[in-house]
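>>> can you look at this prediction? I've put the sequence above it.
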Amino acid sequence: MGNSDSAAQVQSVDRAISVLELLAQGEAGITEIAGELGVHKSTVSRLVSVLEARGLVEQLGERGKYAIGFGVVRLAGAATGRMDLTKLGQPVCQTLADSFGETVNIAVHDAGVAINITQARGSAAVSAVNWIGQRTPLHATSSGKVLLAYLPADERARLVSLPLDSYTEKTVVDGAQLLTELDAVASQGFAACFEELELGLHAVAVPVRGHRGEVVAAMSASGPSYRLSRQRVEEIVPAMSTAAADLSAQLGYFAG
């Protein structure tokens, strides 16, 4: 592809975005759009037809004006989803933290790591660590294991095949062993970590789903091993799963 072809494509993308920005202010016809952009009507017709085929604009009536399409809502939803997750997730985390007395976080998958986006501390939380914005390994955290477990199989296999760092003697660094554990996580609906990231730290996490049913985040509770025992972990999973289902419903997901 020559530079002129490449430049023309970039110009077309720029004009297409201009069309969307113009229609975001209100419906308009081909002639009106062409006048606003200072281009030929035939150029606008081509741009609009492509945008319409992708659901980003729609024609009102057979020969009517054009308006922003519902495809834009789908794209916007992907961006607002994380903002909604943080805003809606905070009170859910706080309620659980108050109930358990432990630290409760929400984390999302980003480029092979888990990033904590929300945190609430309970009355018994001994650590003052602020995990918000912290990047943590997928294979050595309860949230990370949940996020891994629900990835498409090929992506999960790719990430597990990478070198797995050891943080304590209990970190699972064998890929096959980790994949077996992830299958169990997906079937039981929660993941637990017992001193795999830090000695003396236990955690348990459950999935949070988006409006299409995909897992968009993991909600975890963590605390010292002497208080958040294996038995205690099993005891709090139902309350965490219920809270995660409530949050998922707020994000537009309703289990069938």
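Cool, got the structure.
>>> tell me what the helix or strand where residue 242 lies is packed against?
Element membership of residue 242, judged by DSSP states H and E, is helix 230-250. In terms of contacts (3 or more C-beta pairs under 8 Å, 6 or more residues apart in numbering; DSSP states H and E), helix 230-250 is packed against helix 70-100, strand 191-194, strand 201-209, strand 215-224. All C-beta atoms are positioned from the backbone trio N, CA, C, and that covers glycine.
>>> identify the residue nearest the geometric centre of the protein.
Most central in the chain under C-alpha atoms, centre = their mean is residue 216, positioned 3.6 Å from the mean C-alpha point.
>>> what pLDDT does residue 88 get?
For residue 88, the pLDDT comes out at 88.
>>> one more: residue 13?
So residue 13 comes in at 90 (pLDDT).
>>> residue 133 too?
Residue 133 is given a pLDDT of 77.
>>> please identify the helix or strand for it.
Going by DSSP H and E, residue 133 is not in any helix or strand.
>>> among the helices and strands packed on helix 230-250, which comes closest to residue 172?
strand 191-194 (9.2 Å; C-beta to C-beta).
>>> and the helices and strands packed on helix 230-250: which comes nearest residue 245?
strand 201-209 (8.3 Å).
>>> CA atoms of the closest one as PDB?
C-alpha atoms of strand 201-209 as PDB (Å, rounded to 0.1, in the frame of the first residue of the first chain):
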ATOM      1  CA  LEU A 201      -2.200 -13.900  53.500                       C
ATOM      2  CA  HIS A 202      -5.300 -15.800  52.500                       C
ATOM      3  CA  ALA A 203      -7.900 -14.600  49.900                       C
ATOM      4  CA  VAL A 204     -11.000 -15.800  48.100                       C
ATOM      5  CA  ALA A 205     -12.600 -14.300  45.000                       C
ATOM      6  CA  VAL A 206     -15.800 -14.700  42.900                       C
ATOM      7  CA  PRO A 207     -16.600 -13.500  39.400                       C
ATOM      8  CA  VAL A 208     -18.600 -10.400  38.400                       C
ATOM      9  CA  ARG A 209     -20.400 -10.500  35.100                       C
END
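>>> that strand vs helix 230-250, what angle?
For strand 201-209 against helix 230-250, the angle between stretch directions is 20 degrees (axes from the mean of the first three to the mean of the last three C-alpha atoms, to 10 degrees).
>>> from the contact counts, what lies against strand 201-209?
helix 142-149, strand 191-194, strand 215-224, helix 230-250.
>>> tabulate the ones you listed in TSV, adding columns for mean pLDDT and distance to residue 30.
Listed next are those as TSV, based on pLDDT from 0 to 100; distance: least, C-beta to C-beta, whole Å:
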stretch	mean pLDDT	distance to residue 30
helix 142-149	96	46
strand 191-194	96	54
strand 215-224	94	39
helix 230-250	93	41
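>>> quick one, domains of the protein?
Domain segmentation of the chain under automatic domain parsing yields 11-68, 77-250.
>>> deepest of those, which one?
Counting by mean count of other C-beta atoms under 10 Å, domain 77-250 has the highest mean neighbour count of these, with a mean of 18.
>>> sorry, back to before: need the helices and strands packed on helix 230-250 in TSV with distance to residue 37, can you?
Putting the helices and strands packed on helix 230-250 into TSV (distance: least, C-beta to C-beta, whole Å) gives the following:
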stretch	distance to residue 37
helix 70-100	18
strand 191-194	52
strand 201-209	41
strand 215-224	37
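>>> of the ones you listed, which approaches residue 116 most closely?
Nearest to residue 116 among those is strand 215-224; the distance by C-beta to C-beta comes to 8.7 Å.
>>> how far does the closest one sit from the chain's center?
How far strand 215-224 lies from its chain's middle: 14 Å, per C-alpha atoms, centre = their mean, to the nearest Å.
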